[in-house]
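Engineer: with the sequence up front, the predicted model follows.
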Amino acid sequence: MLLSLIVLLLGISHVTSLYRLRGKSLAEDTKDALSLLTFNVHVFNRFKWIDSEEIPKDISEFIKKENPDIFCVQEFYNNPNIDFKQYPYKYDYFHHRSQELALVIFSKYPFVKKGSLNFENTANNVIFADVVTPTDTVRVYNVHLQSHGISSKTDDLTKADSQKLLKRIQTSFKKQQSQTEQLIAHLKSSPYRNIVMGDFNNTAYSYIYDKIKSEDLQDTFKEAGRGFGKTFNFELFPARIDFILVPDDAEVISFKSYDVELSDHYPISSKISL
């Protein structure tokens, strides 16, 4: 009984990483709120994983409806049916050797500076832009850390060679650690407060999440989210691998995760006051 109590006490601080009973009301919104949204669009369903021809159009309509001030996209692909013309400022960086896959930052506010971390020997990457918002200039990072390259479906995982699967995950974890160290060094050199958004390809219990968040950042889901906040369509459990991390001294007004079948990821958004 005593051992069980100790275990519960040790683990209770991590419960909010997995599930939150209540969020914040949108009624708490303020006029100077900055709205943020991140979405791994999975190349706009280019290879027809979802049985629909309308995914690019549907994602465009979804973004128009939500209308975030800053919108970060991972696995962007130049599809003729997408429309994000409401954003006058855009930074896209095609790091993939095929020059087809990009990270993009869309913004309603101008950029002072922008750039890429240029990870080596991978299609994954991090880009950044210094955004002049009405209340402050902030550095926004769009993150897509090393992918594991494994299926999200249970049947595929049970058929996979366990040794090969383990070796692949070990390799990707090592790359994630190296990429995180590069990102943290860049965060430390930033002249502005930082906002980090995107696909970490790892959970809120991971080493990389903990290291990034420790750079004076807070997790908007933990502050204002509700439920599991799942961001990835994984059959075994509600996986939260996409994050919006904002400065510790910012007020998190709201957080929302969207249960929309437009990608293998689910978009998430947050409103903050700087």
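Structural biologist: Now that the structure is in, tell me what you want to look at. Numbers count the residues shown, from 1 in each chain.
Engineer: mean pLDDT per helix and strand in the chain: which one sits at the bottom?
Structural biologist: Least confident helix or strand, the chain: helix 15-18 with a mean of 50, by mean pLDDT, DSSP states H and E.
Engineer: how close does T203 sit to D219?
Structural biologist: Note on T203: its distance to D219, by C-beta to C-beta, to the nearest Å, is 12 Å. Where you see a C-beta, it was placed from the backbone N, CA and C, and this is true even at glycine.
Engineer: actually, D259.
Structural biologist: D259 sits 20 Å away from D219, taking C-beta to C-beta as the criterion.
Engineer: between those two, tell me which one has more neighbours.
Structural biologist: A side-by-side neighbour count of D259 and D219, using other C-beta atoms under 10 Å, places D219 first with 23 against 8.
Engineer: in contact with the more buried one, which residues?
Structural biologist: Contact partners of D219, counting by C-beta atoms under 8 Å, 6 or more residues apart in numbering, are 17, 204, 213, 243-245.
Engineer: give me the buried entries from the residues you listed.
Structural biologist: By the neighbour-count criterion of 16 or more other C-beta atoms under 10 Å, those include these buried positions: 17, 204, 213, 243-245.
Engineer: show me what secondary structure element comes after the least confident helix or strand of the chain.
Structural biologist: Following helix 15-18 in sequence order, the next helix or strand is strand 34-40 (DSSP states H and E).
Engineer: quick one: strands adjacent to that next one?
Structural biologist: Partner strands and pairing direction for strand 34-40 (DSSP bridges) are strand 70-76 (parallel), strand 268-273 (antiparallel).
Engineer: pull the residues that contact the shortest one.
Structural biologist: What that stands for is strand 268-273. 26, 29-30, 32-39, 66, 68, 135, 220-221, 224, 229, 231, 242-244, 246, 250-258.
Engineer: so what's the gap between that strand and the chain middle?
Structural biologist: Using C-alpha atoms, centre = their mean, to the nearest Å, the distance from the centre of strand 268-273 to the centre of the chain it belongs to is 12 Å.
Engineer: now the helix or strand containing F106: mean pLDDT?
Structural biologist: When secondary structure is defined by DSSP H and E, F106 falls within strand 102-107. Within the predicted structure, the mean pLDDT of strand 102-107 is 97.
Engineer: and that strand, which strands flank it?
Structural biologist: Its sheet considered, strand 102-107 pairs with strand 70-76 (antiparallel), strand 89-93 (antiparallel) by DSSP bridges.
Engineer: where does Q176 fall, secondary structure wise?
Structural biologist: helix 162-188.
Engineer: likewise Y141?
Structural biologist: strand 137-144.
Engineer: kindly report the same for S60.
Structural biologist: Assignment of secondary structure by DSSP H and E places S60 within helix 55-66.
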